[in-house]
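In: the following comprises the amino acid sequence and a computationally predicted model.
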Amino acid sequence: EAQVTQNPRYLITVTGKKLTVTCSQNMNHEYMSWYRQDPGLGLRQIYYSMNVEVTDKGDVPEGYKVSRKEKRNFPLILESPSPNQTSLYFCASSSIAGLSNSPLHFGNGTRLTVT
Amino acid sequence: GQNIDQPTEMTATEGAIVQINCTYQTSGFNGLFWYQQHAGEAPTFLSYNVLDGLEEKGRFSSFLSRSKGYSYLLLKELQMKDSASYLCAAMNTGFQKLVFGTGTRLLVSP
């Protein structure tokens, strides 16, 4: 089954404790992206990647890192989480060829709470 | 700049028709998407428009006017399961960024 898999689904952590949210897709998609979703603010792009070893900042990259060492994986790293990073996070992927008219495939989301 | 505007909330009755409007301003434009999102779940794709006009897909239709920077999603024969948020998103030139609106929460009542 074609899917984007994020882990974990729920995470509660403390300020400053490094964490990684994993994202993996099995559709051989070149394009992957991370979003955060907050009430009243909608989905905002954190980072995106057009292909392996190619990443770029989205609208809200501060406090986050990503890597794209393999085509299928695009982990999101919070080196020193802070409470303002409490949010619902979505990973998404798409083919480059179809990016103009193909939908993003979203993972099921990771609800992160930083205390 | 980039800006997507859509109403925050709408209510409608089961069996009725509802139109959710979206206006957009983006740096370049390469298509407009509509997604449905139930609370706490991932967005799911509904429709895509890049040319002016109406695209019909079952109970859902989407319209685009590029000159006006305007789109709407039309939902017919509303069902209770249509209660969800509906996200309007515009693709910029270069196909690198999909800018989302804050979403319209639709509540369908019996």
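Out: Yes, it's here.
In: what sits closest to the residue in chain B that chain A sits nearest to if chain neighbours are left out?
Out: Of the residues in chain B, the one nearest chain A is B:Phe45, at a distance of 3.3 Å by CB to the nearest CB. The C-beta positions use only the backbone N, C-alpha and C, and glycine is treated the same way. Counting by CB to CB, 6 or more residues apart in numbering or on different chains, A:Pro103 is the residue found nearest to B:Phe45 once chain neighbours are left out, at 3.3 Å.
In: counting neighbours, what do you get for that neighbour?
Out: Neighbourhood size, A:Pro103 [other CB atoms under 10 Å in any protein chain shown]: 20.
In: so how far is B:Gly53 from it?
Out: As defined by CB to CB, to the nearest Å, A:Pro103 lies at a distance of 19 Å from B:Gly53.
In: do I have it right that the residue of chain B closest to chain A meets B:Tyr35?
Out: Yes: using CB atoms under 8 Å, B:Phe45 is in contact with B:Tyr35, at 5.9 Å.
In: can you pull the phi/psi pair for B:Gly103?
Out: Per-residue torsions, B:Gly103: phi 90, psi 150 (degrees, to the nearest 10).
In: need the pLDDT of the residue nearest to B:Phe45.
Out: What the model reports as pLDDT for A:Pro103 is 81.
In: residues touching it, list them.
Out: Neighbour list for A:Pro103: A:94, B:33, B:35, B:45, B:48 [criterion: CB atoms under 8 Å, 6 or more residues apart in numbering or on different chains].
In: next, count neighbours for the third one.
Out: Applying the criterion other CB under 10 Å, we find 24 residues in the vicinity of B:Tyr35.
In: which non-adjacent residue is nearest it?
Out: The shortest distance from B:Tyr35 to any residue that is not its chain neighbour, by CB to CB, 6+ apart, is 3.9 Å, and that residue is B:Pro43.
In: distance of the closest residue to B:Asp82 other than its chain neighbours from B:Gln79?
Out: Using CB to CB, 6+ apart and skipping residues adjacent in sequence, the residue nearest B:Asp82 is B:Val108, 5.2 Å away. Distance, B:Val108 to B:Gln79, using CB to CB: 7 Å.
In: show only the entries of the contacts of A:Pro103 found in strands.
Out: A:94, B:33, B:35, B:45, B:48 (DSSP state E).
In: how about the second one, nearest residue that isn't a chain neighbour?
Out: Looking back up the chat, that one is B:Phe33. Distances taken as CB to CB, 6+ apart put B:Ala89 closest to B:Phe33, at 4.5 Å, once the chain neighbours are dropped.
In: so what's that neighbour up against?
Out: Contacts here follow CB under 8 Å, 6+ apart; on that basis B:Ala89 touches A:43, B:4, B:32-35, B:98-101.
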